[in-house]
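Chemist: next comes the sequence, and after it the predicted model I'd like to discuss.
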Amino acid sequence: MSAVDAVTLDQLPLREDLRGRSPYGAPQLDVPVRLNTNENPYPPPPELVADVAEAVREVAAELHRYPDRDALRLRDELAAYLSVATRVALTERNVWAANGSNEVLQQILQAFGGPGRSALGFEPSYSMHPIIAAGTRTDWVPAPRREDFTLDTDAAARIVAERAPDVVFLTSPNNPTGGSIPHGELEAVLRAAPGIVVVDEAYAEFSAQPSAVTLLEEYPAKLIVSRTMSKAFAFAGGRLGYLAAAPAVVDALQLVRLPYHLSSLTQAAARAALRHADQTLASVAKLAAERDRVVDELRGLGFSPVPSDANFILFGRFTDAKASWQAYVDSGVLIRDVGVEGHLRVTVGTPEENDAFLRASKEVPR
Ligand code: PMP
C-alpha cells in the first residue's frame, strides 16, 4: 500500500466535532427493484429527454463562460410554477435555487445557524437536517413526535418557545413517516418561533394539504419553504432544489452561496424539465393511488403502515428490522432501514415494482 493510501482519518487534523460521525449513506445496491430513496419510478418521457439534450447542447457552446450566477431565468420559471401550484403570486425575487434542496438547507444553516446557534427538528424526520447542522456547526436540538409519529403542534410550539432555536425544521409531509402537518396547525409553531422556520416540502406535490407558501405574507421574516425537483418532478439526477421566501432571505443566502454554484448545464436542464412539468407531474396521481393500494395490501398482510401523504410508506412491525431489510434485499427488493425501531420504509414504485415488494413482504421474517 502506498503511503498516501495508508493515511487514516485519525491521522488527519479533522475538526473534533466531526470525529466519529457517519456520512449520509443510503446504500446504492444493484438490485432489480429499488424502492429506497423516494425517487419517482417513472423515467422522464422521451420529449423531455430530447428537450434537455437540446438545451444542454446549446449551452455546451458557451461552456468557456461562467453561468448566470443568479440563475434568474430558472428562478423566474420556478416562481411561475409555484405561483400556479400554491395560488400565491411569487416572482424570482422570492425564489432561490441550488443543487438539490440539501444545498438550499445547507445555505440556510450557513446564514441563519452556525457556531453558538441552534436548530430544532421533530424526530424521526429527515436524517440530513442534523447532518447539515453538524456540518455548519449548528447545535442540533431533537424534539419528539407523538407515538403515532404525528406532530403535536401545541407541544411543538411550547418546546420551540422554551428552547428558542435560531432555526426550526418542520417537514411536511414528513420523511420517513409520511404524514403532513394540517395547514391550520403550522401557525402555532410559526408564532412561537423566535427565528427562522423552514418548512421542508420536498414531497408537497403528493399531499392534499395547502403549501406553507400561503403563510409567507403573514410571516415574511420567519418563514422559508423549501422544495425540490427530485421527487414529483422525477429530476433527482438533475439536482435542483429551491425555496420560496421574502426577497431579504434570498439576499441573506447570497452571502453564503458559492459563486456560480448552479452550472449552466444544470440551469438549462432544469428549465427544459420544467417545460414538461404537466407531463412529469401527471405521475403524482398514479403514485398516490399506488401508495393507497400498497397501504391496503400491507394491512391485509398484517403489517401496520403509517398513514402517508407522500410517495413512501413507513411500516412495521418487525422484531429485527435490519434482518428483515436484508431478507428484502436477498429477494431483490431494496427498501430502507431508516433507524425507526421495528419499522422499514418503502418508496412507492411502478405497479410491477410494488407487486414485487408485496410478494417479498409475504416471505420476510417479522
Ligand atoms: N428534504 C427531504 C424531506 C427529503 O426527503 C429529501 C431527499 N430525500 C431532501 C430534502 C433533499 O432532496 P434533494 O437534495 O434531492 O432536493
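Modeler: Alright, I've got the coordinates. Residues are numbered from 1 along each chain as shown.
Chemist: quick one: contacts of stretch 276-285?
Modeler: Stretch 276-285 is contacted from outside by 40, 42, 44-45, 47-48, 51, 81, 205-206, 232-235, 273, using Cβ atoms under 8 Å, 6 or more residues apart in numbering. All C-beta spots, glycine's among them, are computed from the backbone N, C-alpha and C.
Chemist: what do you get if the cut-off is 7 Å, keeping everything else the same?
Modeler: 40, 42, 44-45, 47-48, 51, 81, 205-206, 232-234 (Cβ atoms under 7 Å, 6 or more residues apart in numbering).
Chemist: and which of these is nearest to the ligand?
Modeler: F233 (9.9 Å; Cβ to the nearest ligand atom).
Chemist: quick one: the closest one from Q279, how far?
Modeler: Distance of F233 to Q279, given as Cβ to Cβ, to the nearest Å: 10 Å.
Chemist: higher neighbour count, the two?
Modeler: F233 (24 against 15; other Cβ atoms under 10 Å).
Chemist: correct me, but the more buried one touches A270?
Modeler: No - in this structure, F233 is not within contact of A270 by Cβ atoms under 7 Å, at 9.0 Å.
Chemist: for stretch 171-185, measure first residue to last.
Modeler: 13 Å (Cα to Cα, to the nearest Å).
Chemist: quick one: average confidence on it?
Modeler: When pLDDT is averaged along stretch 171-185, the result is 95.
Chemist: do it and the ligand come into contact?
Modeler: Yes - Stretch 171-185 is in contact with the ligand by Cβ under 6 Å from any ligand atom, via 171, 175.
Chemist: next, the buried residues of that stretch.
Modeler: Using 16 or more other Cβ atoms under 10 Å as the burial criterion, the residues of stretch 171-185 that qualify are 171-181, 185.
Chemist: now for those, which pair is the farthest apart?
Modeler: Of all pairs drawn from the buried residues of stretch 171-185, the greatest distance, 20.2 Å, lies between P176 and E185 (Cβ to Cβ).
Chemist: list the contacts of whatever residue of the chain ends up closest to the ligand.
Modeler: Nearest residue of the chain to the ligand (Cβ to the nearest ligand atom) works out as G100 at 2.7 Å. Listed by Cβ under 7 Å, 6+ apart, the contact set of G100 reads 228, 230, 239-241.
Chemist: near the ligand too, which of the residues you listed?
Modeler: Applying Cβ under 6 Å from any ligand atom to the contacts of G100, those adjacent to the ligand are 228, 230, 241.
Chemist: sort out which of those are in strands and list them.
Modeler: Using DSSP state E, 228, 241 are the members of the ones next to the ligand among the contacts of G100 that sit in strands.
Chemist: show me what contacts the closest residue to L63 other than its chain neighbours?
Modeler: With Cβ to Cβ, 6 or more residues apart in numbering as the criterion, L63 has its nearest non-adjacent residue at 6.7 Å, and that residue is S264. Residues counted as contacts of S264 (Cβ under 7 Å, 6+ apart) are 59, 62-63, 67.
Chemist: now find how far off-centre stretch 193-202 is within its chain.
Modeler: Remark: stretch 193-202 is offset 14 Å from the chain centroid, using Cα atoms, centre = their mean, to the nearest Å.
Chemist: export it to CSV, keeping only CA atoms.
Modeler: The C-alpha coordinates for stretch 193-202 follow below in CSV (Å, rounded to 0.1, in the frame of the first residue of the first chain):
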residue,chain,number,x,y,z
ALA,A,193,-40.6,30.6,16.9
PRO,A,194,-38.2,33.4,17.6
GLY,A,195,-36.1,32.8,14.5
ILE,A,196,-36.4,31.1,11.1
VAL,A,197,-38.9,28.3,10.4
VAL,A,198,-38.0,26.1,7.5
VAL,A,199,-40.9,24.1,6.2
ASP,A,200,-39.3,21.3,4.1
GLU,A,201,-41.9,20.5,1.5
ALA,A,202,-39.8,18.0,-0.6
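Chemist: is any residue of that stretch near the ligand?
Modeler: Yes - with Cβ under 6 Å from any ligand atom as the criterion, the ligand is reached by stretch 193-202 at 200, 202.
Chemist: any chance you could list what contacts that stretch?
Modeler: Stretch 193-202 is contacted by residues 101, 105, 108, 112, 126, 160, 164-172, 175, 186, 189-190, 211-212, 222-228, 231 when judged by Cβ under 7 Å, 6+ apart.
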